[in-house]
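Pasting a predicted model and its sequence here:
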Amino acid sequence: MRWALVKVAVAVTVMVVVAFAVPLGLVIKEMARDRAFTNAERQAATIGPTLSITTDRAELERAVASTLAGAYGRMAVHVPAADEPGSLPLEIGTRRAAEEDLRTVRRIGRASITEVTGGFALLQPTALSQARIAVVEIFVPDEEVSNGVTTAWLVLAGVGLALVVGSVAVADRLGLRMVEPAQRLAYAAHALGEGKLGARVPEEGPTELRSAAVAFNSMADQVVQLLANERELAADLSHRLRTPLTVLRLNAASLGEGPAADQTRAAVAQLEREVDTIIRTARESKPQTVAAGPAGGCDVSEVVRERMDFWSALAEDEGRTARVAGIGGPVRIPVVRAELAAALDALLGNVFRHTPEGTAFAVDVHNGEDAVIVLVSDAGPGIADPRAALARGNSGGRDGSTGLGLDIVRRVAESTGGDVRIGRSVLGGTEVRIWIGLDGWRAPDAPRGHRLGRRKRAAQGRRAAEV
């Protein structure tokens, strides 16, 4: 499209230049010719008064020599013989015109231009008497007839070329202004089709393309919102199903021995595997979107209090000590509420599932300028291979675990540009650190949290990386 506009602009400009330059060049040529012959007529008129007074050769030669054309040898005077006996024709200067042309001028009685060797000759008749007509001949060289024409044509050619180049530049800019928004719209559409849900188009360019960009962005936002709703539903199902299943599994473990108890525990295990498969399919069926905006964020403190209230009843039954810190005020993060709740349930469920009864655990929230850190720690035996535990679908060597819980947690952290690390907690067991990046994001109504200094954050990172 861009090159098509350039070609059209070149064609139209060339047509306009030709339409104006060719006639103008011809006019310039005619003007130069008229200027040369008008000057010759003036030179011929200067000798007229002398001819009307005398036809003496000496006088005429002096008169011819005094003119500019005579001084350059371009003037000749042809005086016919008188009616008196013995009178001869008089010629002064070099004759270039043919005798036939001289007779023709005398017969018609008006000036004439004839082509001669090296240029043109202006033949101007002057009446000496009723029967005698002298002819003044002015030679006009070819270079004088075309004087300035070549320069004028070069100037016209340069102007025409400049117009063509200018039109190409303007057409290229206009084409680029139209093509670039269309290309960006096409690239964004391809990216959206490939699952890059953060693809958007700048709303700029011509009116039609701006309208198309607005419509595309609105459509993409709606797609992202629909997928976010689906993920919220999947996350909600995850913690609604996994949490009762954990309680059911713990209760089934206390049924003792016997066929009925074994069947109940086998059924619970099978149900957990099926739920894990459903959750994994729901989360991996669509690519992840970008981090939620302010409207889609949540309050970490509120979610932690809610989930700890849920798990506190089971912790009391098993004699576990639970501690919570850092949730005194609202802490906003760009994560959907249901996803954060699912991540916390996955980590707290792992504590109850893989540590003995009576093992203490804690949840700490640290609010920084560029990140929010959630620490879930316990006093259990720890994880033998933290690096392997973070591998997708791996449990870190723990029996009966699919590794889906840590995968859910990692997805939540990575959707904000953060990460997840496993290390040794101050309680003696496992500590899972969720680093949730803010990247300049903060809800308008959220207060500024306390600063996490670089040294403190580096120390926490080193501690989390240690086994």
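Happy to help now that I have it. Residues are numbered from 1 along each chain as shown.

In terms of pLDDT, where does the residue nearest to the spatial centre of the chain sit?
Nearest to the mean C-alpha position of the chain, counting by CA atoms, centre = their mean, stands Glu180 at 5.8 Å. Predicted confidence (pLDDT) for Glu180: 76.

Show me which residues of stretch 61-77 are buried.
Buried residues in stretch 61-77, counted by 16 or more other CB atoms under 10 Å: Ala63, Val64, Thr67, Ala69, Gly70, Arg74, Met75, Ala76, Val77. C-beta coordinates here come from the backbone N, C-alpha and C atoms, glycine included.

returning to what we had before: in terms of contact, does the residue nearest to the centre of the chain touch Pro202 like I think?
No. Glu180 is beyond contact range of Pro202, at 9.5 Å (criterion: CB atoms under 8 Å).

just to revisit the earlier point, and the buried residues of stretch 61-77 as JSON lines, adding secondary structure and distance to Glu208?
As requested, the buried residues of stretch 61-77 are exported to JSON lines (DSSP: H, G, I helix; E, B strand; the rest coil; distance: CB to CB, whole Å):
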{"residue": "Ala63", "secondary structure": "helix", "distance to Glu208": "80"}
{"residue": "Val64", "secondary structure": "helix", "distance to Glu208": "78"}
{"residue": "Thr67", "secondary structure": "coil", "distance to Glu208": "74"}
{"residue": "Ala69", "secondary structure": "helix", "distance to Glu208": "70"}
{"residue": "Gly70", "secondary structure": "helix", "distance to Glu208": "75"}
{"residue": "Arg74", "secondary structure": "coil", "distance to Glu208": "70"}
{"residue": "Met75", "secondary structure": "strand", "distance to Glu208": "73"}
{"residue": "Ala76", "secondary structure": "strand", "distance to Glu208": "76"}
{"residue": "Val77", "secondary structure": "strand", "distance to Glu208": "79"}
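
pLDDT and distance to Asp419 added to those residues, as a markdown table?
A markdown table is the format used below for the buried residues of stretch 61-77 (pLDDT from 0 to 100; distance: CB to CB, whole Å):
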| residue | pLDDT | distance to Asp419 |
| --- | --- | --- |
| Ala63 | 88 | 110 |
| Val64 | 87 | 107 |
| Thr67 | 87 | 103 |
| Ala69 | 85 | 99 |
| Gly70 | 85 | 104 |
| Arg74 | 88 | 98 |
| Met75 | 90 | 103 |
| Ala76 | 90 | 106 |
| Val77 | 90 | 110 |
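
Any regions of the stretch 251-400 of the chain where pLDDT drops low?
Across the stretch 251-400 of the chain, the ranges flagged by pLDDT under 70 are 277-296, 391-400.

Quick one: the helices in it, in order.
259-284, 300-317, 337-354, 386-389 (DSSP state H, counting those that start in this stretch).

just the stretch 1-150 of the chain next, same as before
Under DSSP H, counting those that start in this stretch, the stretch 1-150 of the chain gives helices at 2-45, 48-53, 57-65, 68-71, 99-108, 142-145, 149-193.

Out of those, which one sits most buried?
Burial of the helices of the stretch 1-150 of the chain is given as mean neighbour count (mean count of other CB atoms under 10 Å); helix 68-71 ranks first at a mean of 18.

Give the other helices and strands that it contacts.
helix 2-45, helix 57-65 (3 or more CB pairs under 8 Å, 6 or more residues apart in numbering; DSSP states H and E).

tilt between the first one and helix 149-193?
In terms of direction (axes from the mean of the first three to the mean of the last three CA atoms, to 10 degrees), helix 2-45 departs from helix 149-193 by 170 degrees.

how close does Thr50 get to Arg103?
23 Å (CB to CB, to the nearest Å).

Touching, Thr67 and Ala45? I think so.
No. Thr67 is not in contact with Ala45 according to CB under 8 Å; the separation is 10.0 Å.

what sits against Ala63?
Ile47, Thr50, Gly70 (CB atoms under 8 Å, 6 or more residues apart in numbering).

CSV for the helices of the stretch 1-150 of the chain, including distance to Ile327?
Converted to CSV, the helices of the stretch 1-150 of the chain look like this (distance: least, CB to CB, whole Å):
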stretch, distance to Ile327
helix 2-45, 58
helix 48-53, 119
helix 57-65, 119
helix 68-71, 110
helix 99-108, 118
helix 142-145, 101
helix 149-193, 38
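
Same list (the helices of the stretch 251-400 of the chain) but as TSV, adding distance to Ser129 and mean neighbour count.
TSV is the format used below for the helices of the stretch 251-400 of the chain (distance: least, CB to CB, whole Å; neighbours: other CB atoms under 10 Å):
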stretch	distance to Ser129	mean neighbour count
helix 259-284	121	14
helix 300-317	126	17
helix 337-354	123	24
helix 386-389	129	17
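
In a markdown table: those helices, plus distance to Val10.
Output for the helices of the stretch 251-400 of the chain, formatted as a markdown table (distance: least, CB to CB, whole Å):
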| stretch | distance to Val10 |
| --- | --- |
| helix 259-284 | 54 |
| helix 300-317 | 63 |
| helix 337-354 | 57 |
| helix 386-389 | 64 |
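
And the ones you listed: which comes nearest Pro125?
Among these, helix 259-284 comes nearest to Pro125, with 108.5 Å by CB to CB.

Just send the helices and strands packed on helix 68-71 back as JSON lines, with distance to Pro206 too.
Shown next, in JSON lines, are the helices and strands packed on helix 68-71 (distance: least, CB to CB, whole Å):
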{"stretch": "helix 2-45", "distance to Pro206": "13"}
{"stretch": "helix 57-65", "distance to Pro206": "74"}
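
which ones are touching the nearest residue to Ala212 once chain neighbours are set aside?
Leaving aside its sequence neighbours, Ala212 sits nearest to Leu185 (CB to CB, 6 or more residues apart in numbering; 5.9 Å). Counting by CB under 8 Å, 6+ apart, Leu185 touches Val201, Leu209, Ala212, Ala213, Phe216.

how much space is there between Leu185 and Ala171?
21 Å.

repeat for Ala322
Applying CB to CB, the value for Ala322 to Ala171 is 72 Å.

Kindly report the same for Asn39.
For Asn39, the distance to Ala171 - CB to CB - is 46 Å.

do the same with Val365
When CB to CB is the yardstick, Val365 and Ala171 sit 60 Å from each other.

Ok, Ile133 next?
In terms of CB to CB, Ile133 sits 64 Å off from Ala171.

Thr67 now?
Note on Thr67: its distance to Ala171, by CB to CB, is 57 Å.

about what we covered before: let me see the confidence value for the residue nearest to Ala212.
Per-residue pLDDT puts Leu185 at 82.

Now do it against Val105, distance only.
For Leu185, the distance to Val105 (CB to CB) stands at 78 Å.

Please apply the same query to Thr246.
127 Å.

Repeat that for Leu156.
To Val105, Leu156 is 37 Å away according to CB to CB.

Repeat that for Glu180.
Plainly put, Glu180 is 72 Å away from Val105 if you go by CB to CB.

On the three-state scheme, Asp439 is what?
Counting by DSSP: H, G, I helix; E, B strand; the rest coil, the backbone at Asp439 sits in coil.
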